[in-house]
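1. Please work out how this folds:
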Amino acid sequence: MTAKITITAPNSSIVVNQAIMSYRNDHYEYDFTPDVAGDWEVEIVVYDSDGDSDSVSWTLHVTSAPVVEALSVDPRNTTRPGVIDIEALISDPDTPISDIIASFKVYSPSGALYVQGSLALAESNGDLGYFRANFTISLDAEVGLYDIEIFASDENETTVRNFANALEVINIAPTVSSVTLNATVLERGKTVAITVEASDPETPRSQLIVRVKVDDPDGLNVMDSIASWNPSMGKHESSFTPTYNAKLGRYTIEVTATDTDGVTGGPAIANLTVVNAKPVIKNVTAYPNYVTVNSSVLIRVDAEDFETLKSNLRVRVKVGKDILNATLREGLFECVYNPTSVGKYGVQVNVTDEDGGLTTMSVEDLFEAVPSTTEVPPTTTTTTTPLIAEIGVGNLTNWINNLFANLPSLSELGDLLYSAQSFIWILVGAATLLTIKRSREERRRAPSGRRR
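-> Numbers count the residues shown, from 1 in each chain. Model prediction:
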């Protein structure tokens, strides 16, 4: 037997005309897909080998599923946070557009469902409908491309259409708005405070990672650190201290900020000039500070330098027109000066380090010279000589031994000369007393007849 099929479209046009059907598994088949909704007329005629035939016909009612025609996303690219408006164009030729149920799903770049909701019919035009909704991109939303699925259902079936990469969430890089230094010129060994103001619309400022890099004049990195957050200031803080052997010159400070998504903003640049740390003169003294003309004065200078050993410092003391080179002894720089005229003397001390750094200190009226005939009163730095009456003739030898045992060092020449001068007067007085005492004893022992 032979079976033939004829199919007539809803518009009365014949789309299949007496096509021979295939015989499979004890029955006849013919595959056909209607392309429009409506009533399709189907007729099948079966012929045997003798030419006899039989026929059957019926009406096939074809319905149309909703069609998601298009999707618009506004904005297409967004930062965080943000509000996204979507509009889906949906059609259905055999279902009133108001009966269509529409919804959406949004998937994050990782594939996880981010948000879902219903689409509401906003406008219609015949069998076309505009369905709209909106959703929010939060601060912690993933950065990247989002897929959006639109669902449209009528009373018979549901249509799903996926729009890949329909939305892009863009991360805004942090901004480093200012880098403030509390000093732009800095000596070695001193510390500069670095204050950074950085912000990000998506990341709390306290969660930003602020990186501070410092390069020396040759471009060599000498510091790479993470600044700390100061909540009271609402800013990040760091600091930098050049070492004793740091290169002198212009340093570049580069600051960047990285948000929680790993995006880095910046850099912001600040400049710092590192200079030689000048020597420090801590104290200048004279010993003694009240002498006679042509006596010796020991001048002591206490000076130091951050980068230079004391032994490598050069110390010069200017007294009037005389310039003296001081020598380091037991941590102090010493020199001896002999005033040749009466008056008060001031000094100017110059200390120079290995890098040529110079520090100058002037001290007025450091010591005073009086005529050699003037009795010099004791000073706070000079040992007072005891009176002969307090010593006693019998203890003179012990006093002399104690005097030599407690003499200052040879470098304290002024004090030595002063003590020697006093000691001579003491010897003269002691010898006079001894002579007087001996004469009296001899007169007592002499015979009375020989007295005159």
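
2. residues in contact with the closest residue to Asp215 other than its chain neighbours?
-> Excluding the flanking residues, the one nearest Asp215 by CB to CB, 6 or more residues apart in numbering is Thr252, at 4.7 Å. Bear in mind the C-beta positions are built from the backbone N, C-alpha and C, glycine included. Shown here is Thr252, whose contacts under the criterion CB atoms under 8 Å, 6 or more residues apart in numbering are Val214, Asp215, Ile269, Ala270, Asn271.

3. and of the residues you listed, the nearest to Ile44?
-> Within the set of those, Ile269 lies nearest Ile44; the separation is 85.8 Å, counting by CB to CB.

4. picking up where we left off before, out of the contacts of Thr252, which sit inside strands?
-> Val214, Asp215, Ile269, Ala270, Asn271 (DSSP state E).

5. thinking the fourth one is in contact with Val176, fair?
-> No - proximity of Ala270 to Val176 does not meet the contact threshold set by CB atoms under 8 Å, at 10.3 Å.

6. which of the contacts of Thr252 are buried?
-> The neighbour-count test (16 or more other CB atoms under 10 Å) marks Val214, Asp215, Ala270 as buried among the contacts of Thr252.

7. what about the residue lying closest to the first one once chain neighbours are set aside, helix or strand, and which?
-> Once its chain neighbours are removed from consideration, Val214 has its nearest residue in Met223; the separation is 4.0 Å (CB to CB, 6+ apart). Under the criterion DSSP states H and E, the helix or strand holding Met223 is strand 221-226.

8. Determine the set of other helices and strands touching that strand.
-> Under the contact criterion of 3 or more CB pairs under 8 Å, 6 or more residues apart in numbering; DSSP states H and E, strand 221-226 touches strand 209-215.

9. and which of the contacts of Thr252 is nearest to Thr136?
-> Within those, distances to Thr136 taken as CB to CB reach their minimum at Ile269, with 37.5 Å.

10. can you put the ones in strands among the contacts of Thr252 in a markdown table and add distance to Pro66?
-> Putting the ones in strands among the contacts of Thr252 into a markdown table (distance: CB to CB, whole Å) gives the following:
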| residue | distance to Pro66 |
| --- | --- |
| Val214 | 65 |
| Asp215 | 64 |
| Ile269 | 59 |
| Ala270 | 62 |
| Asn271 | 66 |
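
11. Go through these and say which is closest to Val106.
-> Each of these was scored against Val106 by CB to CB, and Ile269 proved nearest at 41.1 Å.

12. Show me what the helix or strand Ile86 falls within is packed up against.
-> Using DSSP H and E, Ile86 sits in strand 82-91. Using 3+ CB pairs under 8 Å, 6+ apart as the contact criterion, the secondary-structure elements in contact with strand 82-91 are strand 67-74, strand 101-107, strand 113-125, strand 128-137, strand 144-153.

13. any idea of the mean pLDDT in the fourth one?
-> Think strand 128-137. Computed over strand 128-137, the mean pLDDT rounds to 98.

14. now stretch 81-101
-> Confidence over stretch 81-101 (mean pLDDT, whole number) is 95.

15. buried residues in it?
-> With burial defined by 16+ other CB under 10 Å, the residues of stretch 81-101 counted as buried are 82, 84, 86-92, 94-95, 97, 100-101.

16. Skipping its backbone neighbours, what lies nearest Thr308 in space?
-> Asp353 is the one closest to Thr308 (CB to CB, 6+ apart), at 4.1 Å.

17. gap between the one you found and Ala268?
-> If you measure Asp353 against Ala268 using CB to CB, to the nearest Å, the figure is 35 Å.

18. hmm, back to that, need the buried ones among the contacts of Thr252 in TSV with distance to Gln18 and pLDDT, can you?
-> Converted to TSV, the buried ones among the contacts of Thr252 look like this (distance: CB to CB, whole Å; pLDDT from 0 to 100):
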residue	distance to Gln18	pLDDT
Val214	91	98
Asp215	89	98
Ala270	90	98
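
19. which one of the residues you listed is nearest Val68?
-> Top of the list for closeness to Val68, among these and by CB to CB, is Ala270 at 55.7 Å.

20. strand partners of the strand holding Ile86, parallel vs antiparallel please.
-> Strands that pair with strand 82-91, judged by DSSP bridges, come out as strand 67-74 (antiparallel), strand 128-137 (antiparallel).

21. What residue spans form the domains of this protein?
-> When the chain is parsed with automatic domain parsing, its domains come out as 2-62, 67-169, 179-275, 280-370, 388-438.

22. hmm, back to that, neighbour count: Asp353 and Ala268, which is higher?
-> Of the pair Asp353 and Ala268, Asp353 is the one with more neighbours under other CB atoms under 10 Å, namely 22 against 18.

23. residues in contact with that one?
-> In this structure, Asp353 makes contact with Asn276, Ala277, Lys278, Pro279, Asp305, Glu307, Thr308, Asn312, Leu313, judged by CB under 8 Å, 6+ apart.
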